[in-house]
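In: What follows is a predicted structure for the sequence shown.
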Amino acid sequence: MSSAEEPLIAGSNGSESNDGFIEDPDTHAVPGKHPDDAAPGLFIWLLAFSAGISGLLFGYDTGVISATLVSIGSSLSGRPLSSLDKSVVTSCTSLFALIISPFASILADSLGRKRVIFVADGLFIVGALLQAASSTVAIMVVGRSIVGAAVGAASFVVPLYIAELAPAAHRGRLVTTTVIFITLGQVVAYIVGWLFGEYGSKDTAWRWMVGLGALPAAVQLGILFLMPETPRWLVRSGRSEDARAVIKKVSGQRASSRSVDATLKNIEIEVRAEDEASRRRARTTQNAIRLPDSLHELIHVRRNRRALAIACLLQGLQQLCGFNSLMYFSATIFTMLGFPIPTLTSLVVAVTNFGFTIVALIFIDRVGRRRILLWSIPFMVLGLLLAGYGFSFIKLSSNSDDNPTEPSYQGAAILILISIMVYVAGYAIGLGNVPWMQSELFSLNVRSLGSGIATATNWGANFVIGLTFLLLMDALTPTWTFVLYAVLCAVGYGLIWSFYPETAGLSLEEAATLLEDENWGLG
Ligand SMILES: O[C@H]1[C@H](O)[C@@H](O)[C@H](O)[C@@H](O)[C@H]1O
């Protein structure tokens, strides 16, 4: 199995995944725990479908804002949206995803995984409907924040739920498909935005766009009624017999009762070991200042520290390169440029991102993570600089609804469109994907914490980009905003070139040895 498809390992307790992607708590920790030969039955399809919906929701809710912002007009608070309004409405979602995700792990342990997914789906529905019904900017911000909380909770709990339920043989594929579903969700959001924007009523179109986000969440709620709680959580709650019934159901017809027993036994052993470890930790924690074990190990063990630095570097760069400025504001940009159907033009951003994500996932193992980044980032820099150059011919203001495109500007507008496509293709091939393969950098005992911190870096940088893009466009001009992103990409290129070793094709142990290397850049 290639390393991107290789089931990833969860955190020290073998279950926590904080990076929005599915990890495998079993394959390395307790080999052969699941009956790998089970054919994918209806249950696995439901599981895959459910995983896909959470990716779609993530993508839909982040993508739909692009068309929404250009369709709202003056329907909120009786005035056109200012750049600050647009920035806050957009970025509050990532801020709340960032704030909520750590609490999701606590709730998932106490309430159970399924209940937290119920809650997240409920929040998705309430947030979507509140946005659809909102009459002021403030209510819209509350609705978007509720959806952000749902994204934060779901992106933690759904992968964890699936990792604990899916038989090992099917789990790896779910890792790689999540990012495809996110980008597909963004395409769907853009198509919905275009269709409602073009053919819907002017007053209600944007309300439908945001309100429709409730639909996939409602479908996922329906599927959840057919799904069980995870065996691991049931064992933890002292319900081993219920756990056995679930394992039997998951393992399919062909699984013998011996293998079901073996699976249950393994989970019980693991849960006991976790309890024992946390009791030991509690006993050895003599004073309050002492860092929790895994945090201590993450910071003080050189290879863990290096792994964390690389994971945070890649996740930060994934956002600071500015891609989501386009994802959130492409319709605003293309309106400013005078394209007749901006929501249709902006579909190229989402479709290029989706298409090249698929290309990336086909080739990434053959080409290698480091190499694919070093090949693709120069295209991003080129695209950004060309777009900046194109903007230098156009005088516009992001506040104005009617930036006329004089005929002489049309060449520049087309140049910007093509440059943006080059940039997005470069992004989707490398930075859009590679950072999410972060788990393979960390050793088992710090994997959950390390992935969690790197993911928080992603949400934090996402928030900064969403909040500042339009303000930078106003303050610096579009040309210099794009040049700034190009500089950030170029700096990122240098850092990756210096510090990120190739891990593709290496076993986890070999990757770890590489990070131990004395001669390697980070201290
Ligand atoms: O990997 C995903 C993908 O690239 C999305 O298109 C982007 O919006 C997300 O921020 C990113 O995490």
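Out: That came in fine, so what should we check first?

In: buried residues in the host helix or strand of Ile269?
Out: Per DSSP states H and E, Ile269 falls inside helix 257-284. For helix 257-284, burial by neighbour count (16 or more other Cβ atoms under 10 Å) applies to 259-260, 262-264, 266-268, 270-271, 274. (C-beta placed from N, C-alpha, C; glycine too.)

In: any idea how far Gly55 is from the residue in the stretch 351-500 of the chain positioned nearest to the ligand?
Out: When Cβ to the nearest ligand atom is the measure, the stretch 351-500 of the chain has its nearest residue to the ligand at Gly432, with 3.4 Å between them. The gap separating Gly432 from Gly55 is 13 Å, by Cβ to Cβ, to the nearest Å.

In: ok, now Gln315?
Out: 18 Å.

In: tell me, what's touching Gly432 and Gly55 both at once?
Out: With contacts defined as Cβ atoms under 8 Å, 6 or more residues apart in numbering, the residues shared by Gly432 and Gly55 are Val179.

In: who's more crowded, these two?
Out: A direct count of neighbours by other Cβ atoms under 10 Å for Gly432 and Gly55 places Gly55 higher, at 26 against 23.

In: what's the helix or strand for that one?
Out: Per DSSP H and E, Gly55 falls inside helix 42-63.

In: is the ligand contacted by the helix or strand just after that helix?
Out: Toward the C-terminal end, the helix or strand that comes next after helix 42-63 (DSSP H and E) is helix 65-71. No. When contact is scored as Cβ under 6 Å from any ligand atom, no part of helix 65-71 falls within range of the ligand; the minimum is 11.0 Å.

In: what does the average pLDDT come to for helix 65-71?
Out: For helix 65-71, mean pLDDT rounds to 93.

In: any idea which helix or strand comes after it?
Out: Elements were assigned by DSSP H and E; along the chain past helix 65-71, the next helix or strand is helix 83-111.

In: how about low-confidence regions in the protein?
Out: 1-41, 168-176, 253, 278, 281-292, 396-408, 504-509, 512, 517-523 (pLDDT under 70).

In: and it, which of its residues are near the ligand?
Out: 62, 179, 182-183, 186, 318, 324, 327, 353, 432, 436, 462.

In: Tell me which entries of those residues lie within helices.
Out: Judged by DSSP state H, helices contain the following of the residues of the chain next to the ligand: 62, 179, 182-183, 186, 318, 324, 327, 353, 462.

In: any chance of those in TSV, with neighbour count too?
Out: TSV is the format used below for these (neighbours: other Cβ atoms under 10 Å):
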residue	neighbour count
Thr62	25
Val179	23
Ile182	26
Thr183	27
Gln186	26
Gln318	23
Asn324	24
Met327	27
Asn353	26
Asn462	26
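
In: Make TSV from the residues of the chain next to the ligand and add distance to Ala128 to it.
Out: What follows is the residues of the chain next to the ligand, written out as TSV (distance: Cβ to Cβ, whole Å):
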residue	distance to Ala128
Thr62	13
Val179	23
Ile182	17
Thr183	20
Gln186	16
Gln318	26
Asn324	20
Met327	18
Asn353	23
Gly432	25
Trp436	26
Asn462	20
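
In: From those, pick the one nearest Met473.
Out: The shortest approach to Met473 among these belongs to Asn324, at 14.3 Å (Cβ to Cβ).

In: just checking, Gln186 touches Thr352?
Out: No. Distance between Gln186 and Thr352: 10.9 Å, which falls outside the contact criterion (Cβ atoms under 8 Å).

In: May I ask which helix or strand encompasses Leu373?
Out: Short version: Leu373 belongs to helix 369-391, going by DSSP H and E.

In: who does that helix touch, helix- and strand-wise?
Out: With contacts defined as 3 or more Cβ pairs under 8 Å, 6 or more residues apart in numbering; DSSP states H and E, the packing partners of helix 369-391 are helix 347-367, helix 410-429, helix 478-499.

In: Return the most buried member of those helices.
Out: Compared across these, helix 410-429 shows the largest average neighbour count, a mean of 21 (mean count of other Cβ atoms under 10 Å).

In: what does that helix contact?
Out: With Cβ under 8 Å, 6+ apart as the contact definition, helix 410-429 has outside contacts at 183, 321, 323, 326, 330, 334, 337-339, 345, 348-349, 352-357, 359-360, 372, 375-380, 382-387, 389-391, 393-394, 405.

In: what about burial for the residues you listed, which qualify?
Out: For those, buried by 16+ other Cβ under 10 Å: 183, 321, 323, 326, 330, 334, 337-339, 345, 348-349, 352-354, 356-357, 360, 372, 376-377, 379-380, 382-387, 389-391, 394, 405.

In: got the contact list for Ile139?
Out: Residues in contact with Ile139 (Cβ under 8 Å, 6+ apart) are 130, 133.

In: nope, Val192 is what I meant
Out: Counting by Cβ under 8 Å, 6+ apart, Val192 makes contact with 64, 67, 208-209, 212.

In: can we see that at 6 Å?
Out: Each residue near Val192 by Cβ atoms under 6 Å, 6 or more residues apart in numbering is listed here: Met209.

In: any idea how far the spatially closest residue to Gly200 that is not a sequence neighbour lies from the ligand?
Out: Counting by Cβ to Cβ, 6 or more residues apart in numbering, Gly200 lies nearest to Trp208, which is 6.1 Å off, once chain neighbours are set aside. For Trp208, the distance to the ligand (Cβ to the nearest ligand atom, to the nearest Å) stands at 22 Å.

In: do the same with Glu198
Out: When Glu198 is compared with the ligand (using Cβ to the nearest ligand atom), they lie 23 Å apart.

In: Please report how far that residue lies from Ile65.
Out: Taking Cβ to Cβ as the criterion, Glu198 is separated from Ile65 by 18 Å.

In: what do you get for Ser201?
Out: Using Cβ to Cβ, one obtains 20 Å as the distance from Ser201 to Ile65.

In: Those two - which one has more neighbours?
Out: Set side by side, Ser201 and Ile65 show unequal neighbour counts under other Cβ under 10 Å, the larger going to Ile65 at 27 against 9.

In: State whether the more buried one and Tyr328 are indeed in contact, as I suppose.
Out: Yes. Judged on Cβ atoms under 6 Å, Ile65 makes contact with Tyr328 at a distance of 5.3 Å.

In: so what sits against both of the two?
Out: Overlap between the neighbourhoods of Ile65 and Tyr328 consists of Thr90, taking contacts as Cβ under 6 Å, 6+ apart.

In: follow-up on the earlier one: show me the contacts for the residue of the stretch 351-500 of the chain closest to the ligand.
Out: By Cβ under 6 Å, 6+ apart, Gly432 lies in contact with Thr357.

In: The residue nearest to Gly200: neighbour count?
Out: The burial metric for Trp208, expressed as a neighbour count using other Cβ under 10 Å, is 18.

In: got it, and Ile247?
Out: 26.

In: which residues touch it?
Out: By Cβ under 6 Å, 6+ apart, the neighbours of Ile247 are 231, 260, 263-264.

In: and of those residues, the nearest to the ligand?
Out: Distance to the ligand, by Cβ to the nearest ligand atom, is smallest for Pro231 among the contacts of Ile247, at 30.0 Å.

In: Excluding sequence neighbours, find me the nearest residue to that closest one.
Out: Ala243 (3.9 Å).
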